[in-house]
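Engineer: sequence plus predicted model, see below.
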There are 2 protein chains.
Amino acid sequence: MKNDRPRIRDVARLAGVSTATVSRVLSNPGVVSQQTRASVQNAIAATGYRLNEAARNLRHRRTGGIVALVPNLANPFFAQILSGIASVLGPAGYNLLIADTGPDGAGRLLDYAEPSRADGLIVLDGALPAHALTGRIPLVEACEWVPGLSAPRVKIDNRAAAGLAVDHLADLGHRRIGHVAGPPGNVLSIARLGGWRDRLSARGLTPDEAAIWQGDFSLDSGQAAAAEWLAQPPGQRPTAVFLASDAMACGFIAEVQRHGFTVPRDLSVVGFDDIELVSHVSPPLTTIRQPRWMIGRVAAERLLRRLETGDTLDDDTILPVELVVRGSTAPPAPGV
Amino acid sequence: MKNDRPRIRDVARLAGVSTATVSRVLSNPGVVSQQTRASVQNAIAATGYRLNEAARNLRHRRTGGIVALVPNLANPFFAQILSGIASVLGPAGYNLLIADTGPDGAGRLLDYAEPSRADGLIVLDGALPAHALTGRIPLVEACEWVPGLSAPRVKIDNRAAAGLAVDHLADLGHRRIGHVAGPPGNVLSIARLGGWRDRLSARGLTPDEAAIWQGDFSLDSGQAAAAEWLAQPPGQRPTAVFLASDAMACGFIAEVQRHGFTVPRDLSVVGFDDIELVSHVSPPLTTIRQPRWMIGRVAAERLLRRLETGDTLDDDTILPVELVVRGSTAPPAPGV
DNA sequence: CTGAAAGCGCTTACAG
DNA sequence: CTGAAAGCGCTTACAG
């Protein structure tokens, strides 16, 4: 099956021209005369010829592939980002390769940053070692970023976004506002925690370190944080909690509901991300919407631009976020 | 940067051997003498040589890539399947390419089924036209399947799985059991609807066509179905509903809750898939667990086997499902 | 506008 | 065990 596929030589023979001419018709038809072009096109149709991309790529010293380095492919958070990336790469003639950086570690990583495997990299994992990515193929970072790695970054202002959540809760009248942080060391966790702290201070509400719970973005960790909230004396419990991910917020809410608490009557909750489901749970979640699809698109476009122009500018693109107010937030119960 | 990468010739020169020998050290070291091998390896280290996969692939007439055809990359349902696929392909030395079949349609599809782009295909979209995939590169189907396309299939028994849901509800004492179906024409919708019908009949509960609502697997369509359920006269409403996806079940539950109903007191709900979130919503959802990660793994393994052995057997692999009973189902309220 | 030829970076039968 | 040479299927400066 593979062997009887027509090659460019077969087309050339049938059309009575050289392989060079066939190649020109394929990649730069304007330079070939009407007549020749027509007969080559006939020969292409007659033979059922299809260009071998691999050979073209070898000749062009490119691979035609872009790899996305995803921390955890099983995490639905990345689905929409990848979708955005794919929507740009496909039409531009690039293949999207996907690599899960989780289990393999940095070992296989180096393979992906090989010029012979991909033309460029979109890094979605801020926990990768900078040295493994430095001085290799062109890359951009999206959502997360690797400290110490200089590259264009496409992201949101996580600190300001966390501030929006705090402002919303404070505007509702909450004075004790807790925070469930993402995994320690994660760049997003740090920025969001920082935003929570800053904004509380700015509004004269002293951030209470006892109102910070350690999570890891997962549902389970949100549930665990809720258990700690429940364990606090009622008079000291925050009346509102801002969580660094929607998944944690869902786990948190389900757990307090299980213990007979009502959201938002007994507790206001704000998440982060606006993943699809949270507008359809009960109560619908107030959250910070990240333009995930757009982040994917812009990151892909930025990478393509770098590949085409060879620019060397390590700029940041900050995409806007939005506070989406739904049913999980309300003024604190009177007298709490 | 690209130009100064050492090629095999540079290594050969340094080691004082031919390029053929270097190539042998790389791909079949056993055939080269100790001494020669050592000096070649030194030369490789000294030059920092790395094999160019693209060139090797061209020579081998393979691409080293497997493409997964996903109906909608933004749908988190596929994240875990892709993760399973990636976990097999990476270690086997294949690149995972991802293509979103949604917007492009069948046009670009043909490009992905090109031998010059990928060695094999994993088809996750049953809505693709069979003719576009017939007689092209080796493929397997996973989860969904294209009617009329003969290929190995890795899936669950959707009909029996739906039966599990119906049995569970009937065992609880429900007599009026509704169904919210997936998109019309979809192979999964048809099988699950069929399972609902069969099982009801088998248990002497006549399937009521008025208790079937049309959905499309999405949250919104579940919500819309709930509106129709609410519009029915209370005495005629099903006391239990089986939905063909968890997303629809979440939308359904949130909507009836919004109207003051309590699940499972007023209504029992069973979903399908067991996506991560549904064990953490309130009430936790009773559902059919699909082994999505395993489906991905097995599909990838089956494809690899086909590529290696060239077998031509179009077998089905049926993976087991599991009814997961949680808090969204209970016996019907007395006197309903 | 077109062709002959070299080359992208490997691999592998063939011969020794 | 090793090398010279052909070839995977394209593209492109060079010459005409």
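Structural biologist: Happy to help now that I have it. Residues are numbered from 1 along each chain as shown, chains lettered A, B, ... in the order given.
Engineer: doesn't A:Ile156 make contact with A:Ile318?
Structural biologist: Yes: assessed by C-beta atoms under 8 Å, A:Ile318 is found in contact with A:Ile156 at 6.5 Å. C-beta: built from backbone N, CA, C; applies to glycine.
Engineer: in chain A, what residue comes closest to chain B?
Structural biologist: At 2.9 Å from chain B, A:Pro76 is the closest residue in chain A, using C-beta to the nearest C-beta.
Engineer: residue contacts, that residue?
Structural biologist: Applying C-beta atoms under 8 Å, 6 or more residues apart in numbering or on different chains, we find A:Pro76 in contact with A:275, B:76, B:79, B:275-276.
Engineer: looking at A:Ile318 and A:Ile156 now, which is surrounded by more residues?
Structural biologist: A side-by-side neighbour count of A:Ile318 and A:Ile156, using other C-beta atoms under 10 Å in any protein chain shown, places A:Ile156 first with 21 against 12.
Engineer: next, give phi and psi for that one.
Structural biologist: Here is the backbone geometry of A:Ile156 (degrees, to the nearest 10): phi -110, psi 170.
Engineer: any idea how far it is from A:Met294?
Structural biologist: Remark: distance between A:Ile156 and A:Met294 (C-beta to C-beta, to the nearest Å) = 10 Å.
Engineer: one more: A:Ala99?
Structural biologist: Distance, A:Ala99 to A:Met294, by C-beta to C-beta: 23 Å.
Engineer: repeat that for A:Ser245.
Structural biologist: According to C-beta to C-beta, A:Ser245 and A:Met294 sit 19 Å apart.
Engineer: so the two - more neighbours on which side?
Structural biologist: In this view A:Ser245 and A:Met294 are compared by other C-beta under 10 Å, and A:Ser245 has more residues nearby, 28 against 15.
Engineer: so for the residue in the stretch 201-336 of chain A positioned nearest to DNA strand C, what pLDDT did the model give?
Structural biologist: Closest approach between the stretch 201-336 of chain A and DNA strand C, counting by C-beta to the nearest atom of the strand: A:Leu307, at 17.3 Å. Note on A:Leu307: pLDDT of 93.
Engineer: mind checking which of the contacts of A:Pro76 are buried?
Structural biologist: For the contacts of A:Pro76, a burial check counting by 16 or more other C-beta atoms under 10 Å in any protein chain shown picks out A:275, B:76, B:79, B:275-276.
Engineer: adding pLDDT and secondary structure, write the residues you listed out as TSV.
Structural biologist: Listed next are the buried ones among the contacts of A:Pro76 as TSV, based on pLDDT from 0 to 100; DSSP: H, G, I helix; E, B strand; the rest coil:
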residue	pLDDT	secondary structure
A:Ile275	91	coil
B:Pro76	79	coil
B:Ala79	89	helix
B:Ile275	91	coil
B:Glu276	85	helix
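Engineer: nearest to B:Asp4 among those residues?
Structural biologist: Closest approach to B:Asp4 among these (C-beta to C-beta): B:Ala79, at 39.6 Å.
Engineer: give me the subset of the buried ones among the contacts of A:Pro76 touching DNA strand D.
Structural biologist: Near DNA strand D, judged by C-beta under 7 Å from any atom of the strand, there are no entries from the buried ones among the contacts of A:Pro76.
Engineer: which SSE is whatever residue of the stretch 201-336 of chain A ends up closest to DNA strand D in?
Structural biologist: Going by C-beta to the nearest atom of the strand, DNA strand D is nearest to A:Glu308 of the stretch 201-336 of chain A, at 14.4 Å. Element membership of A:Glu308, judged by DSSP states H and E, is helix A:292-309.
Engineer: just how off-centre is that helix within its chain?
Structural biologist: In terms of C-alpha atoms, centre = their mean, to the nearest Å, the centre of helix A:292-309 is found 12 Å from the chain centre.
Engineer: does that helix pack against any helices or strands, and if so which?
Structural biologist: Where contact means 3 or more C-beta pairs under 8 Å, 6 or more residues apart in numbering or on different chains; DSSP states H and E, helix A:292-309 is packed against helix A:77-89, strand A:120-123, strand A:139-142, strand A:153-156, strand A:316-319.
Engineer: is whatever helix or strand comes next after the first one in proximity to chain B?
Structural biologist: If I follow you right, that is helix A:77-89. Next helix or strand after helix A:77-89 toward the C-terminus (DSSP H and E): strand A:95-100. Yes: using C-beta under 8 Å from any C-beta of the partner chain, strand A:95-100 comes into contact with chain B via A:95-100.
Engineer: strand A:95-100 versus helix A:77-89: what angle between them?
Structural biologist: Angle between the axes of strand A:95-100 and helix A:77-89 is 160 degrees (criterion: axes from the mean of the first three to the mean of the last three C-alpha atoms, to 10 degrees).
Engineer: and strand A:95-100, how far from the chain's centre?
Structural biologist: Its chain's average C-alpha position is 13 Å from that of strand A:95-100, according to C-alpha atoms, centre = their mean.
Engineer: which other helices and strands does it contact?
Structural biologist: strand A:65-70, helix A:77-89, helix A:106-112, strand B:65-70, helix B:77-89, strand B:95-100.
Engineer: in terms of mean pLDDT, which of these ranks lowest?
Structural biologist: Here the helices and strands packed on strand A:95-100 differ in mean pLDDT, and the lowest is helix A:106-112 at a mean of 69.
Engineer: what does chain A put close to DNA strand D?
Structural biologist: Residues of chain A lying near DNA strand D (C-beta under 7 Å from any atom of the strand): A:2, A:5, A:7-9, A:19-20, A:23-24, A:26-28, A:49-52, A:55-56, A:58-60.
Engineer: give the PyMOL command for selecting the buried subset of the residues you listed.
Structural biologist: In PyMOL syntax, the buried subset of these is picked out as below (16+ other C-beta under 10 Å):
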select buried, chain A and resi 5+8+23+24+26+49+51+52+56+58
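Engineer: shaky segments in the stretch 51-200 of chain A?
Structural biologist: Confidence mapping of the stretch 51-200 of chain A against pLDDT under 70 gives the ranges A:103-108.
Engineer: could you pull out the strands for the stretch 101-250 of chain A?
Structural biologist: A:120-123, A:139-142, A:153-156, A:177-181, A:212-214, A:240-243 (DSSP state E, counting those that start in this stretch).
Engineer: tell me what the last one is packed against?
Structural biologist: The one in question is strand A:240-243. Applying 3+ C-beta pairs under 8 Å, 6+ apart, one finds that strand A:240-243 contacts helix A:158-171, strand A:177-181, helix A:219-231, helix A:246-258, strand A:268-270.
Engineer: can you list those in TSV and add mean neighbour count and distance to DNA strand C?
Structural biologist: Shown next, in TSV, are these (neighbours: other C-beta atoms under 10 Å in any protein chain shown; distance: least, C-beta to the nearest atom of the strand, whole Å):
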stretch	mean neighbour count	distance to DNA strand C
helix A:158-171	21	41
strand A:177-181	28	46
helix A:219-231	20	46
helix A:246-258	26	44
strand A:268-270	27	53
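Engineer: fine, thanks again, bye for now.
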